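A structural model of the following input is requested.
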Amino acid sequence: MSIVGLNHLARDLEHAAGLRERFDGAPDEVLAAYTLTADECDAVRQRDAAWLLAAGMNPVALRNLMVSLGVAHDAMYPDGLLDEAAPRRGGA
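Next comes the predicted model:
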């Protein structure tokens, strides 16, 4: 887990002017500026809060990231999803 990279991404999407709009238009370009694994990039693109949490992302930073990406609080962890949230991308 690239804790620092994910935390910086969460902070920047919330506070850096225009970054959210750039992410919406070219997510790969924005994600390339951060030290993230391919699985982490996939999870961010897919707004997979359960995977990121299970992989070790700080819950507060994760909430900020998801809200910045337009995910409503009640949609972050659909019923039963956390029970199945063990990291599973690329054998992680």
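
Three-state assignment for Leu36, please.
Following DSSP: H, G, I helix; E, B strand; the rest coil, the label given to Leu36 is coil.

what sits against it?
Contacts for Leu36 (CB atoms under 8 Å, 6 or more residues apart in numbering) come out as 2, 5-6, 9, 44. Quick note: C-beta positions are derived from backbone N, CA and C, even for glycine.

just give me the closest of those residues to Leu31.
Proximity of the contacts of Leu36 to Leu31 (CB to CB) peaks at Val44, which lies at 6.5 Å.

can you give me how far the host helix or strand of that closest one is from the chain middle?
Assessed by DSSP states H and E, Val44 sits inside helix 38-45. On the basis of CA atoms, centre = their mean, to the nearest Å, helix 38-45 sits 7 Å off its chain's mean C-alpha point.

helices or strands up against the next helix or strand after it?
Per DSSP H and E, the first helix or strand lying C-terminal to helix 38-45 is helix 49-55. Applying 3 or more CB pairs under 8 Å, 6 or more residues apart in numbering; DSSP states H and E, we find helix 49-55 packed against helix 38-45, helix 59-68.

would you tell me which one of these is buried the most?
Of these, the one with the most neighbours on average (mean count of other CB atoms under 10 Å) is helix 38-45, at a mean of 19.
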